[in-house]
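Student: Next comes the sequence, and after it the predicted model I'd like to discuss.
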Amino acid sequence: MLPLGQIRMAKQKRKVTEMTEKKNKKLKKASTEETLLAPQAVSGTEQAHPEGEAVLGARQEPAPQLPALTPEEKRVLERKLKKERRKEERKWLRESGAAQSLPAKRSGAQLALDYLCGWAEKHENWRFQKTRQTWLLMHMYDSDQVPDALFSTLLAYLEGLRGRARELTVQKAEALMQEVDKASGAEPFPLGKTQRIRRVLQLLS
């Protein structure tokens with residue numbers, strides 16, 4: 001018979017061998033299950049998103065670019081937009097009634113007479129304006145354009161005329177006086193106009 005110590009060692013070896021075999025069987029079984037499940041998971045993912053690659057491809061496609069406008073096309077487009085804005089503004093004014101409330105533009109006669117009154121009142125904002133003076137010199141013999149109430153003021157303004165403006169005013173008055181003399185028989189000049197011409201000549205001559 002074998003000694004007791006050897007018997008115990010043999011039993012322990014068998015136990016270790018059995019435990020190792022059990023572990024190896026479990027590892028093989030687990031590996032086999034993972035191998036079987038892996039294709040199913042992959043196929044399941046593909047079935048859940050069969051169009052995944054197509055969707056990603058569509059998202060990555062760049063947006064179509066519009067052709068760049070030439071300078072001439074840009075100008076045409078800007079003019080068109082301006083016309084549309086003006087049309088909308090006029091439409092809005094008509095609808096709101098604001099067009100009727102806008103102040104009327106002052107005429108050249110009104111501006112010239114205001115210029116003369118501003119000079120007479122020594123207004124601090126008054127300044128010489130050749131355009132207004134020219135209008136007064138051209139229409140000063142017409143009582144419809146320059147009222148009688150302002151003619152004396154205009155004569156006072158004429159006293160300050162100098163240089164070429166004074167010479168031309170005298171020449172025109174003399175020419176008109178000659179016409180008055182010629183027309184005294186057939187079609188005489190209006191009395192008011194004749195008197196104005198004489199007063200201007202007396203002042204400037």
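Tutor: It's in.

Student: for the chain, what spans make up the helices?
Tutor: Along the chain, counting by DSSP state H, helices occupy 4-48, 52-60, 71-96, 98-101, 108-120, 130-139, 148-158, 163-182, 191-204.

Student: and the third one, what does it pack onto?
Tutor: Helices and strands touching helix 71-96, by 3 or more C-beta pairs under 8 Å, 6 or more residues apart in numbering; DSSP states H and E, are helix 98-101. (Glycine included, C-beta is placed from N, CA and C.)

Student: pLDDT below threshold where in the chain?
Tutor: For the chain, the stretches flagged by pLDDT under 70 are 1-67, 97-104, 184-187.

Student: Go again with 50.
Tutor: Across the chain, the ranges flagged by pLDDT under 50 are 2, 36, 38-58, 99.

Student: Contacts for stretch 170-177, please.
Tutor: By C-beta atoms under 8 Å, 6 or more residues apart in numbering, the residues outside stretch 170-177 that reach it are 137, 141, 197-198, 200-201, 204-205.

Student: Most neighbours out of those, which is it?
Tutor: residue 200 (24 neighbours; other C-beta atoms under 10 Å).

Student: Identify the residue nearest residue 204 in space, chain neighbours excluded?
Tutor: Among residues not flanking residue 204 along the chain, residue 170 sits closest, at 5.0 Å (C-beta to C-beta, 6 or more residues apart in numbering).

Student: cool, and residue 113?
Tutor: Nearest to residue 113 is residue 150, by C-beta to C-beta, 6+ apart, at 6.4 Å.

Student: For the one you found, list the residues it contacts.
Tutor: Residue 150 neighbours (C-beta under 8 Å, 6+ apart): 113, 116-117.

Student: Same check on residue 148?
Tutor: Counting by C-beta under 8 Å, 6+ apart, residue 148 touches residue 192.

Student: How much space separates it from residue 108?
Tutor: 20 Å (C-beta to C-beta, to the nearest Å).

Student: From residue 149, how far out is residue 203?
Tutor: 18 Å.

Student: Who has more neighbours out of those two?
Tutor: Ranked by neighbour count (other C-beta under 10 Å), residue 203 and residue 149 place residue 203 first, with 15 against 7.
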